[in-house]
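Colleague: sequence unknown, structure follows:
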DNA sequence: GTGTCTGCAAAGAATTTGCAAAGAC
DNA sequence: GTCTTTGCAAATTCTTTGCAGACAC
């Protein structure tokens, strides 16, 4: 889907600035504010920092972006993935890790422990790894 | 163990300011910087903000404190618990959730999936809940 | 046309730094 | 006595705000 569509569907008006910001996020997937600013301004350096802040803010409120805190690096990253998912931290970078099976496993486990009557709205696993050598075998 | 001991064992020198900060953290368990400052200065208002920042920083480096980002509230909390553990977010508050069984379950699960050859250094689950009604039964 | 969004410049908040005096060991 | 830590004040960095003009619909 195209950025224009996505922004419109989220109930926001289309502006060139919003399109640039969204497209940058589609490229970067995860990025801290300083990277986003650099990247946006490299595409259109008329867009000011305050505008970028405001746009990111409105995107978060409209649920177009989410937020991850990178534990090791100590700063927050915007994330283009808004559906429930997990994260892998490796050095400075963040990878999305989509795994409903894992979420369900944890949910079941918790239900059988002390959480039977608790309304769990979100489960997020943060996996910190040292060297990335993901096996290709499923 | 007493705060003096703990600070010394971490390889830091004892100062009255460090003792106050550590004792405040023993009380608060989890707290954002503004709460810590307020609480420290209520015990000794000669301790300046810059000192508090420096102390928290040195405590983190010495592994006396850890750091949690509260997703819902959007700010970071210092945490007196440094051993591997999980977190429960409920409204504005953070609860520690120690559960080695859960960690091990996830570790096993990941090992059997794509992570066989990956060196996982840390697994942290963040559970966001709506109403806290923890069952007392084990 | 109406209401929202942007750029600008300035304000405000949060955090860090340099330095001299005080303190820990 | 030596090296580290603290308080102070100022600097820096990060983020938000108010306003007038521009733009989306």
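Modeller: Sure thing, it's come through. What you are looking at is a predicted structure, and each value in this text was computed from that prediction instead of being measured. Numbers count the residues shown, from 1 in each chain, chains lettered A, B, ... in the order given.
Colleague: which secondary structure elements does whichever strand or helix holds residue A:34 contact?
Modeller: Using DSSP states H and E, residue A:34 falls within helix A:33-43. Counting contacts by 3 or more CB pairs under 8 Å, 6 or more residues apart in numbering or on different chains; DSSP states H and E, helix A:33-43 packs against helix A:16-28, helix A:49-61, strand A:75-79. In this view, the C-beta of every residue, glycine as well, is placed from N, C-alpha and C.
Colleague: so which of these comes closest to chain B?
Modeller: Checking the helices and strands packed on helix A:33-43 against chain B by CB to the nearest CB gives strand A:75-79 as the closest, at 7.1 Å.
Colleague: on that earlier part again, between the helix holding residue A:34 and helix A:49-61, how big is the angle?
Modeller: Interaxial angle of helix A:33-43 relative to helix A:49-61 (axes from the mean of the first three to the mean of the last three CA atoms, to 10 degrees): 120 degrees.
Colleague: Can I get the helices and strands packed on helix A:33-43 in JSON lines including distance to DNA strand C, mean neighbour count and mean pLDDT?
Modeller: As requested, the helices and strands packed on helix A:33-43 are exported to JSON lines (distance: least, CB to the nearest atom of the strand, whole Å; neighbours: other CB atoms under 10 Å in any protein chain shown; pLDDT from 0 to 100):
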{"stretch": "helix A:16-28", "distance to DNA strand C": "3", "mean neighbour count": "19", "mean pLDDT": "96"}
{"stretch": "helix A:49-61", "distance to DNA strand C": "3", "mean neighbour count": "16", "mean pLDDT": "95"}
{"stretch": "strand A:75-79", "distance to DNA strand C": "11", "mean neighbour count": "19", "mean pLDDT": "90"}
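Colleague: Including distance to DNA strand D, could these go into a markdown table?
Modeller: A markdown table is the format used below for the helices and strands packed on helix A:33-43 (distance: least, CB to the nearest atom of the strand, whole Å):
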| stretch | distance to DNA strand D |
| --- | --- |
| helix A:16-28 | 6 |
| helix A:49-61 | 3 |
| strand A:75-79 | 7 |
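Colleague: Need those in TSV (columns: distance to residue B:110).
Modeller: Output for these, formatted as TSV (distance: least, CB to CB, whole Å):
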stretch	distance to residue B:110
helix A:16-28	26
helix A:49-61	29
strand A:75-79	21
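Colleague: Which of the ones you listed sits closest to residue A:9?
Modeller: For the helices and strands packed on helix A:33-43, the distance to residue A:9 is smallest for helix A:16-28, at 11.6 Å, taking CB to CB.
Colleague: Longest strand in chain A, please.
Modeller: Longest strand in chain A by number of residues (criterion: DSSP state E): strand A:120-129.
Colleague: For it, which helices and strands make contact with it?
Modeller: Strand A:120-129 packs on strand A:86-90, helix A:100-112, strand B:120-129, going by 3+ CB pairs under 8 Å, 6+ apart.
Colleague: okay if I get these as JSON lines plus mean pLDDT?
Modeller: Below are the helices and strands packed on strand A:120-129 laid out as JSON lines (pLDDT from 0 to 100):
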{"stretch": "strand A:86-90", "mean pLDDT": "93"}
{"stretch": "helix A:100-112", "mean pLDDT": "96"}
{"stretch": "strand B:120-129", "mean pLDDT": "94"}
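Colleague: Throw these into JSON lines and include distance to DNA strand D, thanks.
Modeller: Below are these laid out as JSON lines (distance: least, CB to the nearest atom of the strand, whole Å):
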{"stretch": "strand A:86-90", "distance to DNA strand D": "19"}
{"stretch": "helix A:100-112", "distance to DNA strand D": "30"}
{"stretch": "strand B:120-129", "distance to DNA strand D": "21"}
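Colleague: want to try a markdown table for those, with mean neighbour count and distance to residue B:93 as columns?
Modeller: Formatted as a markdown table, the helices and strands packed on strand A:120-129 follow (neighbours: other CB atoms under 10 Å in any protein chain shown; distance: least, CB to CB, whole Å):
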| stretch | mean neighbour count | distance to residue B:93 |
| --- | --- | --- |
| strand A:86-90 | 20 | 23 |
| helix A:100-112 | 15 | 18 |
| strand B:120-129 | 19 | 11 |
